[in-house]
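**Q** structure for the following, please:
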Amino acid sequence: ELMYSDSGEVPEEEYYIPIGKADVKREGSDVTIVSYNKMMKVALGAADELAKDGVSAEVIDLRTIRPLDIHTIVESVKKTNRIVVVDESWPYGSVSSEIAYQLQKDAFDYLDAPVRRVNGADTSMHYAPNLVEAYLPSPAKVIQVVKEVMYK
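**A** Numbers count the residues shown, from 1 in each chain. Below is the predicted model of the structure:
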């Protein structure tokens, strides 16, 4: 429902989204922000604001979560040494927790800060607009966590 008013360009010709291949939407060198689906708007909005403060955020759109393109994430972390995963689901048993596990297994030596996650609140989802806003990740929440992993 939150995406009903969103609009964007759609190619006229046939196109494919490769299954299991993430897309780097924005190149960066200071921190990696990973997300998917409607949280991409939040991640990109946070990256725009961070750029105003001189923080270069690489933003990755997972596009699919199974299979998960951990290779693209690991390669980005090798470059930035920091990661924030934005996921609207609960923190327990989420896509972000799986990414955190995979990174500690495959890229631990490249991390200069712990993997941080910005998730939906660990409570039931509400329908009142003010409660939905409080429940979901926002650019401000992402910016706060990015500053924490940057030790700023």
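
**Q** ok, and what's touching the least confident helix or strand in the chain by mean pLDDT?
**A** Lowest by mean pLDDT, DSSP states H and E among the helices and strands of the chain is helix 129-135, with a mean of 82. Identification of contacts with helix 129-135 by CB atoms under 8 Å, 6 or more residues apart in numbering yields 2, 120, 121, 123, 125, 126. In short, each C-beta sits where N, CA and C put it, glycine included.

**Q** do you know how far residue 90 is from residue 114?
**A** Remark: distance between residue 90 and residue 114 (CB to CB, to the nearest Å) = 19 Å.

**Q** more neighbours, those two?
**A** Taking other CB atoms under 10 Å, residue 90 and residue 114 do not tie; residue 90 has more neighbours (16 against 13).

**Q** wait, what's in contact with that one?
**A** 119, 120, 121, 122.

**Q** next, count neighbours for the third one.
**A** Yep, that's residue 121 we're talking about. Neighbour count for residue 121, taken as other CB under 10 Å: 14.

**Q** burial count for the closest residue to it other than its chain neighbours?
**A** In space, and not counting its chain neighbours, residue 121 is closest to residue 135: 4.7 Å by CB to CB, 6 or more residues apart in numbering. Residue 135 has 18 neighbours, counted by other CB under 10 Å.
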